[in-house]
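Participant: how does the following fold in three dimensions:
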Amino acid sequence: MFIGRKEELKELNERLYSKKFEMIPIYGRRRVGKTRLLEEFVKDKKAVFFTADQFGEESNLFNLSQAIISLIAPSLSVSHFTSFQDAFEAVATYAETSPEPLVFIIDEYPYLAKSSEGISSVLQKVIDKNYLKLPNLMLILTGSQLSFMEEQVLGYESPLYGRRTGQIKLLSLNYTQSKAFLPSMPEDDFMTIYGLTGGIPLYLTLMDDSLSLKENIIQNVLSKNTFLYEEPRNLLMQELRTPNRYNDIIAAIAGGASEMKDIIGKTGIDSGPLTKYLMTLIDLNIIEKKLPLTKIGKNKPVYIVSDGLFRFWYRYIPNYRNFIETSRTHLIWNKIEEDLPQYTSIVFEEFCRDWLYSQNGSEQVPFLIAEVGSWWGNNPLIRNKATSQEEVDIIGLGLEKSDLIVGECKWRKAPTDRSIAERLVERSHFFPYQNKALYLFSKTGFTPGLKEYAKEKEIQLIEFRKMIEE
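Facilitator: Below is the predicted model of the structure:
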């Protein structure tokens, strides 16, 4: 069963029949579903589907040859091509006489480019000489390394610059799309699973909505030799030359070292090399460098573990590895279960920000939103004093410079009470905007006292169950 990606499939199909040559780079983090999307796209079409590997130039040329020959074997007498240029030109030769459109896919293009120096220049020459005149040919290049795709395929200095006719940055599935994988799972439990999987289709397929939250987590993540238990380490080993250093950095950030000085203190890595390591992890979509959405007050950038599985893994696995490796997870499950609401609250905050942005133009928001994020920093209302850090879960910048949304999110078993609303009002005074809209999001509703106070202060109260019904 193929779930989601309707917009991407629609765009690819429209471009395939555009009656001109199309070159579409598709990029996104590993496991996000690029290959699966393309399998679905070409299942009823003529296609050369080649996946590059890390074994070297000869291996890639042989495998590319086989992918091409398997389609055009009746007219070819050789077992493999002697050069990539010959292989690329053979695709053009076939497309010239094909009565139907042809899709030529080079999956994991960065592996090919790194194994064969100058391959982008070779491909560029064939595009200019052969492909551009073919109205029934679509070339798709995919990659999981974002910086490579953005610099070496899309970038101005790339030989391929100016050849693309479109591009798709494939993101993880949103909450609603992800829920379609597990329709019978209770929504509260699924919020945790959604956070753990990060909306990655492959990870979602491993879960079972006939099992409890506990059973899903233990069977898939907290048991040795399972796919998700091994996945973070395997990804680091596949992508990085010195995975241990990166492991230390991720562990430090997951453990609360969010600022550069704190990461240096925990890892012992100097700022120069550390900056490069951090950029690599950002490129792999494992961590994110965050800035407050407004620069009010004194605030600094922070680093967070943005990947859902890595965030979960580094929060629990290092602390309880001995129990997991000796199949005694049942002894520490209660400790993990006790902490899960705190983990899920981070996921809920992200969900609320996405939901708010999705409501642009609806009656749920009083003005158009340009950007949604969060804020942290010293209390700007207190002068000449060292103050503790304040945080605001949601900041929404209006399209008009005078408009601002300020919001808080609570993922608790008990209804949210008036004290939370009072704190929201207090923090809203940090921001000198003329037109402010206040929002409170809650998993389990609101107390009568809060509801009365919210009417007085014109605070929008949004319950989780209503958010998922819309």
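Participant: remind me what the strand or helix carrying Phe312 packs against, helices and strands.
Facilitator: Per DSSP states H and E, Phe312 falls inside helix 308-325. Using 3 or more Cβ pairs under 8 Å, 6 or more residues apart in numbering; DSSP states H and E as the contact test, the elements touching helix 308-325 are helix 187-197, helix 227-239, helix 243-254, helix 333-358. In short, each C-beta sits where N, CA and C put it, glycine included.
Participant: go through those and name the closest to Arg15.
Facilitator: With Cβ to Cβ as the criterion, Arg15 lies closest to helix 333-358 of the helices and strands packed on helix 308-325, at 26.2 Å.
Participant: and the angle for the next helix or strand after that closest one with helix 333-358?
Facilitator: Sequence-wise, the next helix or strand downstream of helix 333-358 (DSSP H and E) is strand 369-378. Angle between the axes of strand 369-378 and helix 333-358 is 130 degrees (criterion: axes from the mean of the first three to the mean of the last three Cα atoms, to 10 degrees).
Participant: quick one, what contacts Asn379?
Facilitator: Gly297, Thr387, Ser388, Glu390, Phe430 (Cβ atoms under 8 Å, 6 or more residues apart in numbering).
Participant: show me which pair in these is furthest apart.
Facilitator: Farthest pair in these, by Cβ to Cβ: Ser388 and Phe430, 13.6 Å.
Participant: which residues sit against the helix holding Phe312?
Facilitator: Outside helix 308-325, the residues touching it (Cβ under 8 Å, 6+ apart) are 194-200, 203, 221-224, 228-229, 231-232, 250-251, 254-255, 286, 305, 329, 331-332, 335-336, 339, 343, 346-347.
Participant: repeat that for stretch 395-407.
Facilitator: Stretch 395-407 has contacts (Cβ under 8 Å, 6+ apart) with 292-294, 352, 356-357, 365-375, 392-394, 424, 427-428, 431, 433-441.
Participant: can you pull out the strands in the stretch 151-300 of the chain?
Facilitator: Using DSSP state E, counting those that start in this stretch, the strands of the stretch 151-300 of the chain run over 168-169, 287-290.
Participant: mind checking which of those is nearest Ile26?
Facilitator: Checking the strands of the stretch 151-300 of the chain against Ile26 by Cβ to Cβ gives strand 168-169 as the closest, at 4.6 Å.
Participant: residues contacting the closest one, please?
Facilitator: Glu8, Glu11, Leu12, Ile24, Pro25, Ile26, Tyr27, Gly28.
Participant: hang on, the fifth one packs against Val153?
Facilitator: Yes. Pro25 is within contact range of Val153, at 5.0 Å (criterion: Cβ atoms under 8 Å).
Participant: between those two, tell me which one has more neighbours.
Facilitator: Neighbours were counted for Pro25 and for Val153 using other Cβ atoms under 10 Å; Val153 has more, 25 against 22.
Participant: who touches the more buried one in this structure?
Facilitator: Contact analysis of Val153 by Cβ under 8 Å, 6+ apart lists Pro25, Tyr27, Tyr109, Ser120, Leu141, Gly143, Leu160, Arg164.
Participant: where's the fourth one, which helix or strand?
Facilitator: Read that as Ser120. helix 119-129.
Participant: who does the following helix or strand past that helix touch, helix- and strand-wise?
Facilitator: Once helix 119-129 ends, the next helix or strand along the chain (criterion: DSSP H and E) is strand 137-143. The contact analysis (3+ Cβ pairs under 8 Å, 6+ apart) places strand 137-143 against helix 6-16, strand 22-27, helix 34-42, helix 84-97, strand 102-107, helix 109-115.
Participant: where does the prediction get shaky in the stretch 1-150 of the chain?
Facilitator: Where the stretch 1-150 of the chain drops to pLDDT under 70, the residues are 74-78.
Participant: contacting residues for the residue nearest to Glu391 when sequence neighbours are not counted?
Facilitator: Using Cβ to Cβ, 6 or more residues apart in numbering and skipping residues adjacent in sequence, the residue nearest Glu391 is Trp376, 4.6 Å away. For Trp376, the contacting residues are Pro292, Asn299, Val302, Gln389, Glu390, Glu391, Val392, by Cβ under 8 Å, 6+ apart.
Participant: over to Arg423?
Facilitator: Residues in contact with Arg423 (Cβ under 8 Å, 6+ apart) are Glu408.
Participant: buried subset of the contacts of helix 308-325 as a ChimeraX selection?
Facilitator: Typed into ChimeraX, the line below selects the buried ones among the contacts of helix 308-325, using 16 or more other Cβ atoms under 10 Å:
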select :194,195,196,197,198,199,200,203,221,222,228,229,231,232,250,251,254,255,286,305,329,332,336,343,346,347
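Participant: tell me where the model's unsure across the stretch 351-470 of the chain.
Facilitator: Checking the stretch 351-470 of the chain against pLDDT under 70 turns up 384-387, 470.
Participant: that one: helices as residue ranges?
Facilitator: Here the stretch 351-470 of the chain has its helices, by DSSP state H, counting those that start in this stretch, at 418-428, 448-457, 464-469.
Participant: between these, which one is nearest to Val42?
Facilitator: helix 464-469 (34.1 Å).
Participant: what packs against that closest one?
Facilitator: Judged by 3+ Cβ pairs under 8 Å, 6+ apart, the packing partners of helix 464-469 are helix 187-197, helix 333-358, strand 435-442.
Participant: comparing those, which comes out most buried?
Facilitator: helix 187-197 (a mean of 22; mean count of other Cβ atoms under 10 Å).
Participant: tell me what angle that one forms with helix 333-358.
Facilitator: Per the same axes, to 10 degrees, the angle that helix 187-197 makes with helix 333-358 is 90 degrees.
Participant: report the inter-axis angle for helix 187-197 versus helix 227-239.
Facilitator: Angle between the axes of helix 187-197 and helix 227-239 is 20 degrees (criterion: the same axes, to 10 degrees).
Participant: now helix 187-197: mean pLDDT?
Facilitator: For helix 187-197, mean pLDDT is 97.
Participant: ok, and what's touching that helix?
Facilitator: By Cβ under 8 Å, 6+ apart, the residues outside helix 187-197 that reach it are 175, 178-179, 182, 185, 203-204, 207, 212-213, 216-217, 221, 308-309, 311-312, 340, 343-344, 346-348, 351, 411, 443, 464-465, 468.
Participant: repeat for stretch 5-12
Facilitator: Ile24, Gly33, Leu37, Glu40, Phe41, Met138, Gly166, Ile168, Leu170.
Participant: one more: stretch 72-88?
Facilitator: 61-62, 64-66, 68-69, 90, 94, 116, 119, 122-123, 125-126, 130.
Participant: just to revisit the earlier point, out of the contacts of stretch 5-12, who has the most neighbours?
Facilitator: Result: Met138 is most packed of these (other Cβ under 10 Å), 27 neighbours.
Participant: do you know how far that one is from Glu350?
Facilitator: From Met138 across to Glu350, the span is 35 Å (Cβ to Cβ, to the nearest Å).
Participant: same check, this time on Gly308
Facilitator: From Gly308 over to Glu350 the distance is 9 Å, taken as Cβ to Cβ.
Participant: nice, that's everything, thank you.
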